[in-house]
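K.L.:
only geometry, no sequence info:
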């Protein structure tokens, strides 16, 4: 332990020249207000059309439709379209 800490513990803490007491501020801040008078006025922000789900529901409006359309197109291309450009035969041979 440092010598200054030992001396402070024996002598006590130095008073702040501004009169500000950090310990009193921490104890006062630790106790939250028991009643918030604005709680009723702020409640509308988190209910009804302003819930978290409703606020973020419309951020990507066409993503669901686009995903379904792209999946259908990929399935159609895979199963029904013939890939005529790439084939297994050598490029010089013709059938």
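P.N.:
Done, it's in. Note that the structure is a prediction, hence the values are computed from the model and not measured. Residues are numbered from 1 along each chain as shown.
K.L.:
going by C-alpha atoms from here, please, whenever you check contacts or count neighbours.
P.N.:
OK.
K.L.:
biggest helix in the chain by residues?
P.N.:
Longest helix in the chain, counting residues (DSSP state H): helix 63-80.
K.L.:
and it, what does it pack against?
P.N.:
Helices and strands touching helix 63-80, as assessed by 3 or more Cα pairs under 8 Å, 6 or more residues apart in numbering; DSSP states H and E, are absent.
K.L.:
so how far is it off the chain centroid?
P.N.:
Relative to the chain's own centre, helix 63-80 is displaced by 31 Å; criterion: Cα atoms, centre = their mean, to the nearest Å.
K.L.:
again with stretch 60-67
P.N.:
For stretch 60-67, the distance to the chain centre is 21 Å (Cα atoms, centre = their mean).
K.L.:
pLDDT of it, averaged?
P.N.:
Averaging pLDDT along stretch 60-67 yields 94.
K.L.:
could you do stretch 6-17 as well?
P.N.:
Averaging pLDDT along stretch 6-17 gives 72.
K.L.:
ends of that stretch, how far apart?
P.N.:
Taking Cα to Cα, to the nearest Å, stretch 6-17 runs 22 Å from one end to the other.
K.L.:
hmm, who's touching the lowest-mean-pLDDT helix or strand in the chain?
P.N.:
In the chain, the helix or strand scored least confidently by mean pLDDT, DSSP states H and E is helix 3-11, which has a mean of 73. Outside helix 3-11, the residues within contact range by Cα atoms under 8 Å, 6 or more residues apart in numbering are residue 14.
K.L.:
roughly how far is the helix or strand following that helix from the heart of the chain?
P.N.:
Per DSSP states H and E, the first helix or strand lying C-terminal to helix 3-11 is helix 22-30. On the basis of Cα atoms, centre = their mean, helix 22-30 sits 31 Å off its chain's mean C-alpha point.
K.L.:
return the list of helices and strands in contact with the following helix or strand past helix 22-30.
P.N.:
Following helix 22-30 in sequence order, the next helix or strand is helix 39-42 (DSSP H and E). The contact analysis (3+ Cα pairs under 8 Å, 6+ apart) places helix 39-42 against no helix or strand.
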